[in-house]
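*Asks:* Just the structure for this:
(chains A and B)
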Amino acid sequence: GAVVSQHPSWVICKSGTSVKIECRSLDFQATTMFWYRQFPKQSLMLMATSNEGSKATYEQGVEKDKFLINHASLTLSTLTVTSAHPEDSSFYICSASPIYEQYFGPGTRLTVT
Amino acid sequence: GESVGLHLPTLSVQEGDNSIINCAYSNSASDYFIWYKQESGKGPQFIIDIRSNMDKRQGQRVTVLLNKTVKHLSLQIAATQPGDSAVYFCAEGIQGAQKLVFGQGTRLTINP
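*Replies:* I've put the predicted structure just below:
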């Protein structure tokens, strides 16, 4: 149980385009979903927290207009990287929380050329 | 950020030996701690957790020790196996895992 999926697992896009990443909780309902970014050889950095049906809360330094988060249902959250630039290339990981725990997805590798 | 590092600490141990991975956490108000294992290109995998009202918790081949006085957490892995090779992260939270702050991570390499 407590499986979280992400799609796509990897994506390559051109600079200036937008990319959408999906995060799904497959066997439970997630009241809260989290989005993290991880650069090579670094730790996970929380980008934003989203609750179903409400606006996401972004961490300091994360541009909300660049990283659009939608949490439209209790099993799906999406992260859209708008006008992507090479410096946005990273490993994006989501997690889903039914109550207190966090269950992590497998991550999405984004490469912006 | 709260946990950024350009150089991941590394630990190499011989297969079959015990390993100890250490973590210093930052917030004295944190009351929940988790160890995660992350293999290359994958998301974090839960290993073991401990609440602040405990100082030791054991799982299968793993033990977590918590020293709140010095804000220190450790993960002991007994009889290491090749499959234990990964990056290990500690994470701290307040009131559960609702908002976690991750440590910088340690790369564990098991030598045959």
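*Asks:* Give me the neighbour count for B:Lys71.
*Replies:* When neighbours are defined as other C-beta atoms under 10 Å in any protein chain shown, B:Lys71 has 15 of them. C-beta coordinates here come from the backbone N, C-alpha and C atoms, glycine included.
*Asks:* swap that for A:Gly61, please
*Replies:* Residues near A:Gly61, counting by other C-beta under 10 Å: 8.
*Asks:* and what of B:Ala29?
*Replies:* By other C-beta under 10 Å, neighbour count at B:Ala29 equals 9.
*Asks:* what about it, which SS state?
*Replies:* Using DSSP: H, G, I helix; E, B strand; the rest coil, the structure places B:Ala29 in coil.
*Asks:* list the contacts for it?
*Replies:* B:Ile94 (C-beta atoms under 8 Å, 6 or more residues apart in numbering or on different chains).
*Asks:* measure it to A:Trp35 for me?
*Replies:* 24 Å (C-beta to C-beta, to the nearest Å).
*Asks:* Spatially nearest residue to the closest residue to chain B within chain A (excluding sequence neighbours)?
*Replies:* Using C-beta to the nearest C-beta, A:Tyr100 is the residue of chain A that sits closest to chain B, at 3.5 Å. Leaving aside its sequence neighbours, A:Tyr100 sits nearest to B:Gly96 (C-beta to C-beta, 6 or more residues apart in numbering or on different chains; 3.5 Å).
*Asks:* Show the backbone phi and psi for B:Gly83.
*Replies:* Geometry field for B:Gly83 lists phi and psi as phi -70, psi -10, criterion degrees, to the nearest 10.
*Asks:* same deal with B:Ile21?
*Replies:* For B:Ile21, the backbone dihedrals are phi -110, psi 130 (criterion: degrees, to the nearest 10).
*Asks:* and if you look at B:Asp84?
*Replies:* phi -80, psi -10.
*Asks:* same deal with the one 10 residues further on?
*Replies:* The phi and psi torsions at B:Ile94 (degrees, to the nearest 10) take the values phi -110, psi 130.
*Asks:* same deal with A:Glu101?
*Replies:* The phi/psi pair for A:Glu101 (degrees, to the nearest 10) is phi -90, psi 170.
*Asks:* State the distance from it to B:Lys56.
*Replies:* Separation of A:Glu101 from B:Lys56 (C-beta to C-beta) stands at 21 Å.
*Asks:* now swap in A:Gln42 and tell me
*Replies:* Separation of A:Gln42 from B:Lys56 (C-beta to C-beta) stands at 30 Å.
*Asks:* Which one's more surrounded, these two?
*Replies:* Set A:Gln42 next to B:Lys56 and count neighbours by other C-beta under 10 Å: A:Gln42 wins out with 20 against 11.
*Asks:* that's a helix at that one, yeah?
*Replies:* No. When three-state DSSP is applied, A:Gln42 is found to be coil, with no helix at that position.
*Asks:* Tally up the residues packed near B:Val64, please.
*Replies:* 24.
*Asks:* er, A:Ile99 actually
*Replies:* Quick note: A:Ile99 (other C-beta under 10 Å) scores 12 neighbours.
*Asks:* Any stretches of chain B with poor pLDDT?
*Replies:* B:1-7 (pLDDT under 70).
*Asks:* Quick check: the residue of it nearest chain A.
*Replies:* Counting by C-beta to the nearest C-beta, chain B gets nearest to chain A through B:Gly96 (3.5 Å).
*Asks:* I'd like to know the phi and psi angles of that residue, please.
*Replies:* Dihedral angles (degrees, to the nearest 10) for B:Gly96: phi 90, psi -160.
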